[in-house]
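> Based on what follows, work out the 3D shape:
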Amino acid sequence: MEYHSLGRTGIRVSPLCLGAMMFGAWGNPDHDDSIRIIHRAVDEGINFIDTADVYSAGESEEIVGKALSGLDRSRIVLATKVHAQMGDDPNARGNSRRWIIEECEHSLRRLGTDYIDLYQIHRPDEAVDVDQTLGALSDLLHAGKIRAFGSSTFPSEQIVEAQWIAERRGRERFMTEQPPYSLLVRGIERDVLPTAQAYGMGVIPWSPLAGGWLSGRFGEGKDNTSRRASRIPTRYDLSIPGNQRKLELVTELSSVAEEAGLSLIELALAFVLEHPAISAAIIGPRTMEQLESQLSAPSIVLEPAILDRLDEIVAPGTNVNAADAGWSPQALEKARLRRRHYR
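The predicted model follows:
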């Protein structure tokens, strides 16, 4: 397998990163089966595993930790994330120094390791000065708890702000960004990807199959439902025009894949890996069958004519459904933040 540079960290990673969100109560509750999937991925050359504290309330990290106990830890690039609410403590969330330092220790315990290769801030936190966040992460790095740190689903302006603050205040800086990116979610091509390239950041996109829309399960005459629909209906409810449009586009994309002699999964992953800013695409299999269906993607190179056709179907720099961007500023969610006199 050809390994890629993770930005300017000096770390080399496989073009596919094994995402662990589906290991545990959110997806596959069978720990032994999940561990077999992890070991199979490693046997196939995948050396990069990504999880998060919030996935199944820590269970995913525990499963990954069990799997690591049967592997050579020094050969695995291990990534996890912090930000989301954990439990009922109002301070057990966000990007504060207090929580980052505390939760890193919890993740290390659940993962059964004494260091994390890549520690990521799962989402922006508008209530916290990013200098506080960078300071906590810098201290964890200097203490040897983490090897590098990055952001996830940050808009380009916040990526730039964090880089400037790190330079001006003598902090370590975000070395990677983990955004949503797929054939149906191309908004980051407009700003996030060029920004990441300008700062030499590694990019490890989540949901390259668009949350299952590009898995082959959706399309004309199919069930068109997802296990995630109850948790995030804005991305799956077919009464929403953006989701109905996604269903129409999946039919077109399936035809392109068939004409190219590829599965829709292979087409979707090969498209993401084609962008020069991408270090690795995060896949999130729940079953061994799902893993096997994705392993061929790094060997596929799409012809220019196919890439041109994909650009015609979904224009570069656009998201078919705005809700798929993964994060939006509070001022767009809460009307009181946009109104001087009516709060």
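
> Starting from residue 264, give me the distance back to residue 153.
In this view, residue 153 and residue 264 are 24 Å apart by CB to CB, to the nearest Å. All C-beta spots, glycine's among them, are computed from the backbone N, C-alpha and C.

> I should have written residue 104 there, sorry.
38 Å.

> neighbours around the closest residue to residue 271 other than its chain neighbours, how many?
Leaving aside its sequence neighbours, residue 271 sits nearest to residue 183 (CB to CB, 6 or more residues apart in numbering; 5.5 Å). A count of nearby residues for residue 183, using other CB atoms under 10 Å, gives 25.

> could you list every residue that touches residue 183?
Neighbour list for residue 183: 210, 214, 249, 253, 267-268, 271-272, 310, 313-314 [criterion: CB atoms under 8 Å, 6 or more residues apart in numbering].

> Of the residues you listed, which is the nearest to residue 120?
Closest to residue 120 out of the contacts of residue 183 is residue 272 (18.5 Å), distances taken as CB to CB.

> would you list every one of the helices in the stretch 51-200 of the chain?
Here the stretch 51-200 of the chain has its helices, by DSSP state H, counting those that start in this stretch, at 59-68, 97-111, 130-142, 156-169, 192-198.

> out of the ones you listed, nearest to residue 257?
Shortest separation from residue 257 across the helices of the stretch 51-200 of the chain is recorded for helix 192-198, at 23.4 Å, computed as CB to CB.

> on that earlier part again, what would the contacts of residue 183 look like in CSV with neighbour count and pLDDT?
Formatted as CSV, the contacts of residue 183 follow (neighbours: other CB atoms under 10 Å; pLDDT from 0 to 100):
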residue, neighbour count, pLDDT
210, 24, 96
214, 28, 97
249, 18, 96
253, 25, 97
267, 23, 98
268, 28, 98
271, 24, 98
272, 23, 98
310, 20, 98
313, 14, 98
314, 21, 98
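
> wait, which of those is closest to residue 3?
Once CB to CB is applied, the member of the contacts of residue 183 that ends up nearest residue 3 is residue 272, at 16.8 Å.
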